[in-house]
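*Asks:* predicted structure and sequence below. I'll ask about it afterward.
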Amino acid sequence: MNRRNLLASGVALAALALPREGEGSGRRMLELRLRKRVRRPDDRFEVRTETAAWRPDQSAVVVCDMWDAHWCKGATSRVIEVAPRMNAFLKACRDKGLLIIHSPSSCMAAYADHPARRRAQEAPKAADLPAQIGEWCRQIPAEEKGTYPIDQADGGCDCVPTCPGGNPWRRQIAALDIREEDAISDSGSEIWNLLAARGTTNVMVLGVHTNMCVLGRPFGLRNLSRYGKNAVLVRDLTDTMYNSRSWPYVNHFRGTDLIVEHIEKFVCPTISSDQILGGRAFRFAADPLARIK
C-alpha cells in the first residue's frame, strides 16, 4: 500500500472510531437493536430487528412498580433478584444522559420531600397533553387483531398455596438508587409533562408486571405508544403475574416470553439490557433457559 492510500485508510479508520454525537447534545448516540414481530401474508409472524440511534438528551427510562414488597411472595422474590441488574442498567443510562423516572405507584407519600419528586410535580403542563393520559389503557386497537396469550387466574400468583393478597408496598425497592437528578412520579400527566419539557421522544420501560402495569398504567407502554412516543420494553428486566397452573399451562418464564411476543406484535418493539451493559441478557435463575449457554 502506498503512502497516499495508507493515509486515506488511516483517516477512514479514525472516522469509524469516533463516537457518533447527538446533534447539539454533546453525548454519544445510543445505538439500539429494536426487535419486533411482523405479520406475513400467510398470517404468521416473523422476528425482525431494526437499528435505531437515540439522542440521550431526548430519551428516558421509566421504572414501573418495582415495589419494596408485593402480596405475592414469588413476585417479591423475583423483584429482589432482578433489581441489581436493573440498577446497573439505570446507572449506565443515567451516565449516558438519559432521564430516569421512578414510578412506584401509590407510593408517592414516601418521596414527598425528595428533589426528584418535586421535579416531576413542577414540570410545566405540556401543550400536547393527551386527554386520557391519566387513565389506565387496557387495550389499543392493534391488539384487537390478536389473542391475549396468558390467563391471569388467582391474580397471576403461581405460589402454592396462593398468597393472601393485600397492598404491602410502601416505596420502591431500596436496591434501585434514586438520584436527585432523576424524577419520581406515578402520574401519567406528570410524566408526560416531564417528557415534553425535556423534548423526550424515546422512552424505555422496565419493571413489573409486564402483562398488567407495564402495559396498562397511565405511563405504560400502551399510552406511550398510542400517543406517539418511541416506546420500547426492556424485555429481560421485567416479569409477569402469571399463574403457571392456568392457561396456556407453561412455566412462569415462558408466560413472560409470551407477553413479550404479544407486545412485539401489537404494541411496540423491545430491547435487552446487554445492549447497554454488555455481556448476556438477564434471566432469572429458575428460568430453564438460564441454563442454556
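*Replies:* That came through fine.
*Asks:* show me where this structure has strands.
*Replies:* Here the chain has its strands, by DSSP state E, at 30-39, 45-54, 59-64, 99-103, 183-184, 202-208, 230-239, 270-271.
*Asks:* residue 119 is nearest to which of those?
*Replies:* Across these, residue 119 has its closest neighbour in strand 183-184 (4.8 Å, CB to CB). C-beta here means a position set from N, CA and C on the backbone, and glycine is covered the same way.
*Asks:* what lines up beside that closest one in the sheet?
*Replies:* The strands beside strand 183-184 in its sheet (DSSP bridges) come out as strand 99-103 (parallel).
*Asks:* next one: the partner strand to chain centre, how far?
*Replies:* Here strand 99-103 is found 11 Å from its chain centre; the criterion is CA atoms, centre = their mean, to the nearest Å.
*Asks:* then stretch 144-161?
*Replies:* Distance of stretch 144-161 from its chain centroid, counting by CA atoms, centre = their mean, is 20 Å.
*Asks:* equivalent analysis for stretch 129-138, please.
*Replies:* Put simply, stretch 129-138 sits 18 Å off its chain's centre (CA atoms, centre = their mean).
*Asks:* just stretch 120-138 next, same as before
*Replies:* Put simply, stretch 120-138 sits 19 Å off its chain's centre (CA atoms, centre = their mean).
*Asks:* likewise for stretch 161-168?
*Replies:* 26 Å.
*Asks:* in that stretch, what counts as buried?
*Replies:* For stretch 161-168, the buried set under the neighbour-count rule, 16 or more other CB atoms under 10 Å, comprises 162, 163.
*Asks:* I'd like the strands of the chain as JSON lines, with mean pLDDT and distance to residue 73 appended.
*Replies:* Conversion of those to JSON lines gives the following (pLDDT from 0 to 100; distance: least, CB to CB, whole Å):
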{"stretch": "strand 30-39", "mean pLDDT": "97", "distance to residue 73": "32"}
{"stretch": "strand 45-54", "mean pLDDT": "97", "distance to residue 73": "34"}
{"stretch": "strand 59-64", "mean pLDDT": "98", "distance to residue 73": "20"}
{"stretch": "strand 99-103", "mean pLDDT": "98", "distance to residue 73": "23"}
{"stretch": "strand 183-184", "mean pLDDT": "98", "distance to residue 73": "26"}
{"stretch": "strand 202-208", "mean pLDDT": "98", "distance to residue 73": "14"}
{"stretch": "strand 230-239", "mean pLDDT": "98", "distance to residue 73": "13"}
{"stretch": "strand 270-271", "mean pLDDT": "98", "distance to residue 73": "27"}
